[in-house]
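J.: make a model of this:
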Amino acid sequence: MLSALSNVLKITELRQKIVFTLAMFLVFRAGTHIPVPGVNAAVIEQLFTSGNLFGLMDLISGGALSKFSVFAMSITPYINASIIMQLLTVVVPKLEQWSGRKKITQIIRYGTVLLGFIQAIGMAFGLRSAIINPGIGSILLIALTLTAGTTFLMWLGEQITDKGIGNGISLIIFAGIVSRLPDGMLVIYDYLTKGTINAFNLVLFLVIAVVMIVFVIAIQQGQRKIPVQYAKRVVGRKMYGGHTTHIPLKVNQAGVIPIIFASSVLMFPVTMAQFINIDWVKTVAEWFAWGTALNTALYVLLIIFFTYFYTAVTLNISDMAENMKKYGGFIPGLRPGKPTADYLDRVMTRITLAGAVFLAVIAIMPNLVVWGTGIQGVYFGGTALLIVVGVALDTMKQIEALILMRHYQGFMK
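T.: As a prediction, the model looks like this:
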């Protein structure tokens, strides 16, 4: 490990990228402590429990939302704009032609500002009880401040992508989640000192954590490799093809998106009930409360549904088979065209089921951890675990690629 780290430090370009990325992390963390003007932060903190949508948003923002800082919305509007654009690309042919171009990036930026402003208006209006001098002017000022904070984070993420190491937007979310780790350790230490849990509970928690991290890495890296043979063809005086390759079909093609979709759908009634003082609304909110049997069952079913839905939207099997046929490729034992597409669809359906079950297990892991160890108030599992592990793996792969380009020994074994 020490020799691998020394290889990293030997490369001036890589060293500068890492230093720049860490400096941007400091800017991000500093911004989470700059409060929005005209808001009573003490009132805001009372709303952030593990059973509402704000709790999930606060986790992603690294605690900026519970402090109601200028980065309170984090990079969430950018994620929403990217997902919406990705879905529209499948539906609108013109957008599909722009896919991967600068024009799509520009539209996502404008969409981020628009969605951020709408979300900021909703947050300011919904939390108006915490505004010191509630009024149209104060709500607009808060909304503009929050939108500016999100826009700055979007720019910061793009700077990390260009001048740092890894995907900037993902790393900002990663930094926000990891920054909550010390708070979780303090909670566990407080439980131990007060006798709420014993050493066995702590050891069990650590074992579960290690096993789940290994499990997530295994599934995230899991692929079904479909062999593809390319026929030989002569173009002019050159011969092309005649080689064998494979199509890597990921087990978890949808990533963390199904958990975010399912969480948003289920937490919406609970969150809205906090602002609507009607008895039957409160009753419905209790049915959907986090950790109840109905909530958990619907959570699992929605995750499985959204996994299949998002995989079908983002992975075009027909185009994959058509492109393979166009370039003279075929799967051994299958005819090009529709038979190949049907085969790929069957394979993808089976491995997507494994990915959907994996996401469901990861999502309900916090409930299982609380039930098995008695440790509450420490978020472990679901969105946070997938994002942290996924971003860490992608960043290490980029570091590995940069090291190998310089003919040094790789970083990962």
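
J.: tell me what the one helix or strand residue 44 maps to is packed against?
T.: Element membership of residue 44 [criterion: DSSP states H and E] is helix 41-45. Helices and strands touching helix 41-45, by 3 or more Cβ pairs under 8 Å, 6 or more residues apart in numbering; DSSP states H and E, are helix 64-67. Placement of C-beta: from N, CA and C, glycine included.

J.: right, and the helix or strand after the helix it packs on?
T.: Next along from helix 64-67, by DSSP H and E: helix 76-91.

J.: quick check: buried residues in that next one?
T.: Within helix 76-91, the residues scored as buried using 16 or more other Cβ atoms under 10 Å are 76, 77, 78, 79, 80, 81, 82, 83, 85, 86, 89.

J.: helices or strands next to that helix in the packing?
T.: Applying 3+ Cβ pairs under 8 Å, 6+ apart, one finds that helix 76-91 contacts helix 93-98, helix 102-126, helix 136-163, helix 293-314.

J.: ranges for the strands of the stretch 151-300 of the chain?
T.: Remark: strands assigned in the stretch 151-300 of the chain by DSSP state E, counting those that start in this stretch are 223-230, 233-235, 238-240, 244-250.

J.: returning to that earlier point: can you lay out the helices and strands packed on helix 76-91 as CSV showing mean pLDDT?
T.: Below are the helices and strands packed on helix 76-91 laid out as CSV (pLDDT from 0 to 100):
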stretch, mean pLDDT
helix 93-98, 70
helix 102-126, 86
helix 136-163, 90
helix 293-314, 87
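
J.: switch the ones you listed over to TSV; also include mean neighbour count and distance to residue 353.
T.: Converted to TSV, the helices and strands packed on helix 76-91 look like this (neighbours: other Cβ atoms under 10 Å; distance: least, Cβ to Cβ, whole Å):
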stretch	mean neighbour count	distance to residue 353
helix 93-98	13	28
helix 102-126	17	31
helix 136-163	18	33
helix 293-314	18	8
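
J.: Throw those helices into CSV and include distance to residue 280, thanks.
T.: Formatted as CSV, the helices and strands packed on helix 76-91 follow (distance: least, Cβ to Cβ, whole Å):
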stretch, distance to residue 280
helix 93-98, 42
helix 102-126, 20
helix 136-163, 29
helix 293-314, 16
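
J.: next, residue 37: phi, psi?
T.: phi -70, psi 140 (degrees, to the nearest 10).

J.: neighbours of it, how many?
T.: If you count neighbours by other Cβ atoms under 10 Å, residue 37 ends up with 11.

J.: circling back: go ahead and name everything in contact with the helix holding residue 44.
T.: Around helix 41-45, the neighbours that count as contacts under Cβ atoms under 8 Å, 6 or more residues apart in numbering are 35, 66, 67, 68, 127, 129, 130.

J.: repeat that for 6 Å
T.: The contact list for helix 41-45 (Cβ atoms under 6 Å, 6 or more residues apart in numbering) reads 66, 67, 68, 130.

J.: nearest to residue 116, of the residues you listed?
T.: Of all the contacts of helix 41-45, residue 116 sits closest to residue 68, with 15.3 Å by Cβ to Cβ.

J.: what pLDDT does that closest one get?
T.: Looking at residue 68, its pLDDT is 78.

J.: ok, it - contacts?
T.: Contacts of residue 68 by Cβ under 6 Å, 6+ apart are 36, 39, 41, 44.

J.: show me just the buried residues among these.
T.: 36, 39, 44.

J.: so can I have a markdown table of those showing distance to residue 156 and pLDDT?
T.: Compiled in a markdown table, the buried ones among the contacts of residue 68 are given as follows (distance: Cβ to Cβ, whole Å; pLDDT from 0 to 100):
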| residue | distance to residue 156 | pLDDT |
| --- | --- | --- |
| 36 | 18 | 85 |
| 39 | 23 | 80 |
| 44 | 24 | 70 |
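
J.: can you redo those residues as JSON lines with distance to residue 123?
T.: Formatted as JSON lines, the buried ones among the contacts of residue 68 follow (distance: Cβ to Cβ, whole Å):
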{"residue": "36", "distance to residue 123": "10"}
{"residue": "39", "distance to residue 123": "10"}
{"residue": "44", "distance to residue 123": "10"}
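
J.: would you verify that residue 320 is located in a helix?
T.: Yes - assessed by DSSP: H, G, I helix; E, B strand; the rest coil, residue 320 belongs to a helix.

J.: the nearest residue to residue 162 once chain neighbours are set aside and residue 153, how far apart?
T.: Of all residues not flanking residue 162 in the chain, residue 168 sits nearest, at 7.9 Å (Cβ to Cβ, 6 or more residues apart in numbering). Distance of residue 168 to residue 153, given as Cβ to Cβ, to the nearest Å: 9 Å.

J.: surely residue 161 meets residue 168?
T.: Yes - if you go by Cβ atoms under 6 Å, residue 161 and residue 168 touch, sitting 4.0 Å apart.

J.: quick check: neighbours shared by the two?
T.: Contacts common to residue 161 and residue 168, judged by Cβ under 6 Å, 6+ apart, are absent.

J.: tell me the domain ranges of this structure?
T.: 12-178, 181-378 (automatic domain parsing).

J.: adding distance to residue 398, write the ones you listed out as TSV.
T.: Supplementary listing: those in TSV, determined by distance: least, Cβ to Cβ, whole Å:
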stretch	distance to residue 398
domain 12-178	6
domain 181-378	15
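
J.: just name the most buried of those.
T.: domain 12-178 (a mean of 18; mean count of other Cβ atoms under 10 Å).
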